[in-house]
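In: 3D, please:
(one chain, ligands or ions: 2)
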Amino acid sequence: MSLRLFNTLGRSLQEFKPLKANQVGFYGCGPTVYNFAHIGNMRPYVFHDVVTRALRYFGYQVTHVMNITDAGHLTGDDDSGEDKMVKTAIERNKSVMEIAEYYTAAFFKDTAALNVERPTVVCKATEHIAEMIALIQRIEANGYTYFAGGNLYFDVSKFPTYGDFARLRLDDQQASSRIEVDASKKNPYDFVLWFTKSKFEDQALQWDSPWGRGYPGWHVECSAMSMKYLGESFDLHAGGIDHVAIHHTNEIAQSEAATGRKWVNYWLHNEFLVMNAGKMSKSAGGFLTLKSLLDAGYEALDYRYLLLGAHYRSQLTFSYEALDSARSARRSLNERVLALRDKVGQATAPEALQPAALQRLAAFREALENDFSTPQALAELWGVLKEQNLPAADMLGAACEMDRVFGLGLADLKTEIVTVDPAFAAKINTLVQARTVAKQSKDWARADALRDEINTLGVLLEDSPTGTTWKQTARP
Ligand code: AMP
Ligand code: ZN
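Out: Numbering: from 1, shown residues only. Ligands and ions are numbered 1, 2, ... in the order given. As a prediction, this is how the structure comes out:
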C-alpha cells in the first residue's frame with residue numbers, strides 16, 4: 001500500500017507522490033496572533049502534527065513550515081473590515097508587536113501541551129516583508145495587477161483558472177454580491193496585494209514599498225514564505241476548510257502568476273469543530289480555549305484524543321460528554337500501558353515483534369495511508385492491547401510504535417501517585433453525595449454548580465451507571 005490522500009485539488013483520493021524521493025515539503029497556514037486560539041483553531045494544528053508525524057513514520061524527511069500572521073489580516077478574509085492585530089492593540093492599549101508576542105507565546109504553550117511538535121520552520125509575516133514585496137513585483141511584472149484607490153490589486157480576470165480550485169462560478173451574481181463592495185476593485189474577486197493609505201490612516205505597522213508606504217495583503221505572506229523555505233513548487237499545503245474559497249484560492253493565483261508554474265501538488269483541508277450552537281469563532285468572542293478545559297479539570301491530551309477519534313474531513317461537534325468519553329478512554333489506555341510496563345519493564349523492539357503485533361502495525365499503517373484515518377488507526381491500537389496470546393512486551397512495543405504518530409505520550413507515562421488527605425476526601429465525599437441527591441431530585445442547576453465546585457477543588461468526577469467516582473488530579 002502507499003499513501004492516498006484526499007486532494008482538494010480535484011476533490012479525489014490520490015496517491016501521494018512527492019517531488020523529491022523520500023522528502024516532503026509541507027506548509028500549514030498558522031495562527032493570526034491577535035487573541036487566544038480557541039479549541040477549534042487547535043484542530044488544524046493537531047492535524048498538521050499528525051500529518052507530519054505520519055509522514056515521518058512512513059520514512060519521509062519532512063520540512064514542515066508554519067507562518068505566524070502578525071500583520072495584514074483583516075476581520076474579513078476578503079480584505080473587508082478592520083485589521084485584527086490593530087483592533088486588539090487599540091482595545092488593550094498595547095502595541096501591535098506586544099499583542100503578537102503575547103499571543104504567539106500563548107499559542108505555543110497550548111500546542112506544546114497538546115504534544116504538537118514544533119514545525120521545522122516557524123516564520124513571522126513581519127520578518128518577511130522584503131520577500132513579499134519581491135513576490136508582488138514579480139506578479140506585477142507579469143501583468144496581473146492594477147493600482148487603484150491607493151492599493152495594488154490582483155486582477156483575477158488575468159488568471160483564467162482563478163475559480164477552479166474552489167469551484168467558484170465567477171459570473172454568479174448572487175455569490176459576488178455577497179462580497180463587500182470596494183469601489184476600487186474591477187471585479188469583486190480581485191484582492192489586495194499591497195495596501196497604502198486607502199484603508200487605515202493610522203496603521204501601526206507600515207513599510208516602504210514600490211507602491212508607497214503601507215502593508216501587505218494577508219494572502220501574500222503564505223505564498224512568499226512557503227516559497228522561501230520550500231521552493232517555488234512543493235508537495236503539500238494544509239489549512240482549515242474555510243480557507244478554500246478565498247485565502248487558498250488567492251494564494252494559488254498569486255503564486256502561479258508570479259512563477260508561471262504549478263505551485264502546490266496536494267491540498268488538505270480539515271473540517272470544523274462545531275459547538276451545538278454552531279461554528280466556534282475567534283472574532284465572534286465567547287469561545288472555549290484549551291485553558292478553559294484545563295481549568296475544568298481535563299488534560300490537554302484528553303482533547304488531543306478527542307480530535308484523533310474523528311476523521312479530519314468530518315465535522316466534529318464538541319460537547320463535554322464527548323470530552324468525558326475521550327478522557328475515560330485515554331485513562332484506560334494509560335492504565336493498560338502502565339500495567340503492561342509494570343509487568344514486563346521493557347517493550348519489544350519493532351523489528352523483534354511477533355506476527356500478531358506486526359499485523360496490527362501493518363493495519364495501523366494502512367489506516368494512516370488511507371487519508372490519515374486516525375479513528376481506524378486508534379482501533380488498531382486498542383486491538384493490539386486486547387490481542388489474545390500476545391506477550392505483554394509485544395503489546396507495549398507495538399503501542400509505543402503507534403504512539404509515534406498519535407503523540408499521546410505513552411512512552412513517557414509515569415505512575416501517578418496522589419496521596420489524598422483524609423479531611424479533603426471527606427469534604428469531597430460530602431459534595432459528591434449532595435450532587436447525587438440534587439440529580440435524583442432533578443435539580444440540574446444545583447448538580448452542575450456542585451460539579452463546578454468540586455472541579456475547582458482539583459477533583460474530577462466520573463459518572464457511571466453504578467455511581468460517581470472521583471479522582472484528585474495532579475494539578476494544584
Ligand atoms: P486564524 O488564527 O483565525 O487564522 O485560524 C487558524 C486556523 O484555524 C485556520 O486554519 C482556520 O481554518 C482554523 N479554524 C478556525 N475555526 C475553526 C474551527 N471551529 N474548527 C476547526 N478549525 C478552525
Ligand atoms: Zn495561508
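In: surely K439 and A447 touch.
Out: Yes: with contact defined as Cβ atoms under 8 Å, K439 counts as touching A447 (4.7 Å). In short, each C-beta sits where N, CA and C put it, glycine included.
In: and the next helix or strand past the host helix or strand of L293?
Out: Per DSSP states H and E: L293 is located in helix 290-295. Counting by DSSP H and E, the next helix or strand C-terminal to helix 290-295 is helix 300-308.
In: which is the next helix or strand following that following helix?
Out: Downstream of helix 300-308 (by DSSP H and E), the next one is strand 316-317.
In: what helices or strands is that following strand leaning on?
Out: strand 273-275 (3 or more Cβ pairs under 8 Å, 6 or more residues apart in numbering; DSSP states H and E).
In: list the buried ones in the strand it packs on?
Out: For strand 273-275, burial by neighbour count (16 or more other Cβ atoms under 10 Å) applies to L273, M275.
In: now do it: which elements does it pack against?
Out: Contact analysis of strand 273-275 by 3+ Cβ pairs under 8 Å, 6+ apart lists helix 39-57, strand 316-317 as its packing neighbours.
In: between those, which gets nearest to ligand 1?
Out: helix 39-57 (2.5 Å; Cβ to the nearest ligand atom).
In: and Q346, what's its pLDDT?
Out: Note for Q346: predicted pLDDT of 88.
In: ditto for N270
Out: Per-residue pLDDT puts N270 at 98.
In: phi, psi for it please.
Out: phi -90, psi 140 (degrees, to the nearest 10).
In: mind listing what it touches?
Out: If you count contacts by Cβ atoms under 8 Å, 6 or more residues apart in numbering, N270 has them with R43, P44, F47, A238, G239, G240, I241, Y312, R313.
In: if we go to 7 Å?
Out: By Cβ atoms under 7 Å, 6 or more residues apart in numbering, the contact set of N270 is R43, P44, F47, G240, I241, Y312.
In: neighbours of the last one, how many?
Out: Around Y312 sit 25 other residues, with neighbours defined as other Cβ atoms under 10 Å.
In: look up how far A258 lies from the one residue in the stretch 101-250 of the chain that gets nearest to ligand 2.
Out: Closest approach between the stretch 101-250 of the chain and ligand 2, counting by Cβ to the ion: C222, at 3.2 Å. Between C222 and A258 the distance is 13 Å, computed by Cβ to Cβ, to the nearest Å.
In: between the two, which one's more packed in?
Out: Comparing C222 with A258 by other Cβ under 10 Å, the one with more neighbours is C222, at 28 against 23.
In: what's the helix or strand containing the more buried one packed up against?
Out: Using DSSP H and E, C222 sits within helix 218-230. If contacts are counted by 3 or more Cβ pairs under 7 Å, 6 or more residues apart in numbering; DSSP states H and E, helix 218-230 sits against strand 23-28, strand 61-68, strand 121-124, helix 129-141, helix 249-259.
In: so which of these is nearest F287?
Out: Proximity to F287 (Cβ to Cβ) singles out strand 61-68 among the helices and strands packed on helix 218-230, at 19.8 Å.
In: quote the end-to-end distance of stretch 346-360.
Out: 19 Å (Cα to Cα, to the nearest Å).
In: and for stretch 192-207?
Out: 16 Å.
In: got it, and stretch 340-355?
Out: First-to-last residue span, stretch 340-355, Cα to Cα: 19 Å.
In: one step back: could you check how far the residue of the stretch 101-250 of the chain closest to ligand 2 is from A356?
Out: To A356, C222 is 45 Å away according to Cβ to Cβ.
In: name the nearest residue to the residue of the chain found nearest ligand 1, sequence neighbours excluded.
Out: Distances between the chain and ligand 1 by Cβ to the nearest ligand atom are smallest at G240, namely 1.7 Å. Using Cβ to Cβ, 6 or more residues apart in numbering and skipping the chain neighbours, the partner closest in space to G240 is P44 (5.3 Å).
In: what sits against the one you found?
Out: G28, A238, G239, G240, N270.
In: just the buried positions in the lengthiest helix in the chain, please.
Out: When the chain is parsed with DSSP state H, its longest helix is helix 320-344. Burial within helix 320-344, assessed by neighbour count using 16+ other Cβ under 10 Å, is assigned to 323-324, 326-327, 329-331, 333-334, 336-337, 340-341, 344.
In: for the next helix or strand along the chain from that helix, which positions count as buried?
Out: Using DSSP H and E, the helix or strand that directly follows helix 320-344 along the chain is helix 355-369. For helix 355-369, the neighbour count (16+ other Cβ under 10 Å) marks A356, A357, Q359, R360, L361, F364, R365, A367, L368, E369 as buried.
In: out of these, who's nearest E131?
Out: Of all these, E131 sits closest to L368, with 34.0 Å by Cβ to Cβ.
In: remind me which residues of the protein are low pLDDT?
Out: The chain contains residues with pLDDT under 70 at 72-81, 173-180, 197-203, 277-286, 415-420, 473-476.
In: rewinding a little: rebuild the helices and strands packed on strand 273-275 as TSV, extending it with distance to ligand 1.
Out: Formatted as TSV, the helices and strands packed on strand 273-275 follow (distance: least, Cβ to the nearest ligand atom, whole Å):
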stretch	distance to ligand 1
helix 39-57	3
strand 316-317	8
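In: single out the most deeply packed of the ones you listed.
Out: Comparing the helices and strands packed on strand 273-275 by mean neighbour count (mean count of other Cβ atoms under 10 Å), helix 39-57 ranks first with a mean of 23.
In: just the CA trace of that one, in PDB.
Out: The C-alpha coordinates for helix 39-57 follow below in PDB (Å, rounded to 0.1, in the frame of the first residue of the first chain):
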ATOM      1  CA  ILE A  39     -10.100  24.800  20.700                       C
ATOM      2  CA  GLY A  40     -11.500  24.800  17.100                       C
ATOM      3  CA  ASN A  41      -8.300  26.600  16.000                       C
ATOM      4  CA  MET A  42      -6.300  23.800  17.600                       C
ATOM      5  CA  ARG A  43      -7.900  21.200  15.300                       C
ATOM      6  CA  PRO A  44      -5.800  22.100  12.200                       C
ATOM      7  CA  TYR A  45      -2.500  22.200  14.300                       C
ATOM      8  CA  VAL A  46      -3.100  18.800  15.800                       C
ATOM      9  CA  PHE A  47      -4.000  17.600  12.300                       C
ATOM     10  CA  HIS A  48      -0.800  19.100  10.800                       C
ATOM     11  CA  ASP A  49       1.100  17.400  13.600                       C
ATOM     12  CA  VAL A  50      -0.400  14.100  12.800                       C
ATOM     13  CA  VAL A  51       0.300  14.500   9.100                       C
ATOM     14  CA  THR A  52       4.000  15.400   9.900                       C
ATOM     15  CA  ARG A  53       4.400  12.500  12.300                       C
ATOM     16  CA  ALA A  54       2.700  10.000  10.000                       C
ATOM     17  CA  LEU A  55       4.900  11.100   7.000                       C
ATOM     18  CA  ARG A  56       8.000  10.700   9.200                       C
ATOM     19  CA  TYR A  57       6.700   7.300  10.400                       C
END
